[in-house]
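Asker: Could you look at this predicted model? Sequence included:
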Amino acid sequence: MPSASDQGASVVRWIEISVHADGEAAEAVAEVFNRLGEGGAVFETLIHPDESPYAGDPVVSVKTYLPATRESAPRQRQIEEALWHLSQLYPIPAPQIRELAEEDWAEAWKKGYSVQHIGERLVVAPSWEAYTPAHDELVVRLDPGMAFGTGLHPTTRLCLMALETWVQAGDHVLDVGTGSGILAIAAAKLGAARVIGVDLDPVAVQVARENVRLNDVTDRVQIEVGTLDTLNPMPRSMDCVVVNILADVIIKLTPALTTCLRHAGTLIASGIIEEQEDAVMKAFDTAGLQVVERRQQKDWVALVASLST
């Protein structure tokens, strides 16, 4: 969780940027927020269709947060410019922007999260909500902090469902771009003996490590800051590699991801817009990966591939 800055300010303030949009446009707005907003994207309760200006389509409020500091001003301008460009493609209104004190931010931020049932057994529960699991449910308790990955976004849900299908007891799993640590923790809950999560963002790594402790899987889950190239030693012979990032990054990383897999190991890749699926599959084919499963939610695709060479 964010804390007061080292500059001695007694009150930490945040900028909230929110946009009301329909389902497809909301996903596009969320992509902007996940890329440029330090707090990722928060989806709030659906607005009733009767209240929507979009001809009966349900509307969600998509929000992100930035520290109200001089350093954040360029990031805010980038977000506003990106939203303007989106407004040329989708009927979205201008963003609503307001400043919040720390305590108001904390409450506003939590409103977007609730208990999520995903797949057959997985449950993602916010750390601040009490939840009693059924006898066969596996609960991932999460405090996302300023990191992406809450179980709300389709790409995360697709990865979780694929992990539930493909991770076996005793597996070694690598989570590239771990964010909040949700996928790494889920892999451990599903029986993986060893999980390595890696992320470029030191804030995300801090959040992920806290979530690992919260879920009592510190003996099996290791979270590192950096990239595949900076990991020492670089993971090899992994049973499963999961990556939930943008398609162009997946394409660039495919050779390195393949190097991390054992023969017949499984790669789970999400964050792929449907129009980019063919390009990802071409990269997989070049690397000796055979697609064995495809999942889709809305415009988002997850591919599961096996290393055949």
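Answerer: Nice, I can see it.

Asker: From what I see, D229 and A256 are in contact.
Answerer: Yes: the pair D229 / A256 is scored as a contact, 7.4 Å apart, by CB atoms under 8 Å. Glycine gets a C-beta too; all of them are placed from N, C-alpha and C.

Asker: neighbour count winner among those two?
Answerer: The residue with more neighbours, out of D229 and A256, is A256; 15 against 8, by other CB atoms under 10 Å.

Asker: Helix or strand with the lowest mean pLDDT in this protein?
Answerer: Ranked by mean pLDDT, DSSP states H and E, the weakest helix or strand in the chain is helix 102-110, scoring a mean of 65.

Asker: next structured bit after that helix?
Answerer: The first helix or strand that comes after helix 102-110 along the chain, using DSSP states H and E, is strand 116-118.

Asker: That following strand packs against which elements?
Answerer: Applying 3 or more CB pairs under 8 Å, 6 or more residues apart in numbering; DSSP states H and E, we find strand 116-118 packed against strand 122-126, helix 154-166.

Asker: what separates the closest residue to T227 other than its chain neighbours from E224, distance-wise?
Answerer: Leaving aside its sequence neighbours, T227 sits nearest to L200 (CB to CB, 6 or more residues apart in numbering; 6.3 Å). Going from L200 to E224 by CB to CB, to the nearest Å gives 10 Å.

Asker: Name the residue in the two with the higher neighbour count.
Answerer: Set L200 next to E224 and count neighbours by other CB under 10 Å: E224 wins out with 16 against 11.

Asker: Which secondary structure element is home to that one?
Answerer: Element membership for E224 (DSSP H and E) is strand 221-225.

Asker: State the mean pLDDT of that strand.
Answerer: The average pLDDT within strand 221-225 is 97.

Asker: what sits up against it?
Answerer: 178, 181, 184-185, 187-188, 194-202, 205, 208-209, 212, 231 (CB atoms under 8 Å, 6 or more residues apart in numbering).

Asker: what's downstream of that strand, the next helix or strand?
Answerer: strand 238-244.

Asker: Just the CA atoms of that next one, as CSV, please.
Answerer: Written as CSV, here are the backbone C-alpha positions of strand 238-244 (Å, rounded to 0.1, in the frame of the first residue of the first chain):
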residue,chain,number,x,y,z
MET,A,238,10.0,-25.5,-16.1
ASP,A,239,6.9,-27.5,-16.4
CYS,A,240,4.7,-24.4,-17.0
VAL,A,241,5.4,-20.8,-18.0
VAL,A,242,2.6,-18.3,-17.7
VAL,A,243,2.7,-14.8,-19.2
ASN,A,244,-0.1,-12.2,-19.1
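
Asker: What helices and strands are in contact with that strand?
Answerer: The helices and strands touching strand 238-244, judged by 3+ CB pairs under 8 Å, 6+ apart, are helix 154-166, strand 172-176, helix 182-189, helix 247-260, strand 261-273.

Asker: Dump those to JSON lines, plus mean pLDDT and distance to E293.
Answerer: Shown next, in JSON lines, are these (pLDDT from 0 to 100; distance: least, CB to CB, whole Å):
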{"stretch": "helix 154-166", "mean pLDDT": "94", "distance to E293": "7"}
{"stretch": "strand 172-176", "mean pLDDT": "98", "distance to E293": "17"}
{"stretch": "helix 182-189", "mean pLDDT": "98", "distance to E293": "16"}
{"stretch": "helix 247-260", "mean pLDDT": "94", "distance to E293": "16"}
{"stretch": "strand 261-273", "mean pLDDT": "94", "distance to E293": "9"}
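
Asker: out of those, which comes closest to A130?
Answerer: The closest of those to A130 is helix 182-189. By CB to CB, the value is 18.6 Å.

Asker: what's the closest one packed up against?
Answerer: Judged by 3+ CB pairs under 8 Å, 6+ apart, helix 182-189 is in contact with strand 122-126, strand 138-142, helix 154-166, strand 172-176, strand 194-199, helix 202-214, strand 221-225, strand 238-244.

Asker: how far off strand 122-126 does that helix point, in degrees?
Answerer: Angle of helix 182-189 versus strand 122-126, following axes from the mean of the first three to the mean of the last three CA atoms, to 10 degrees, is 130 degrees.
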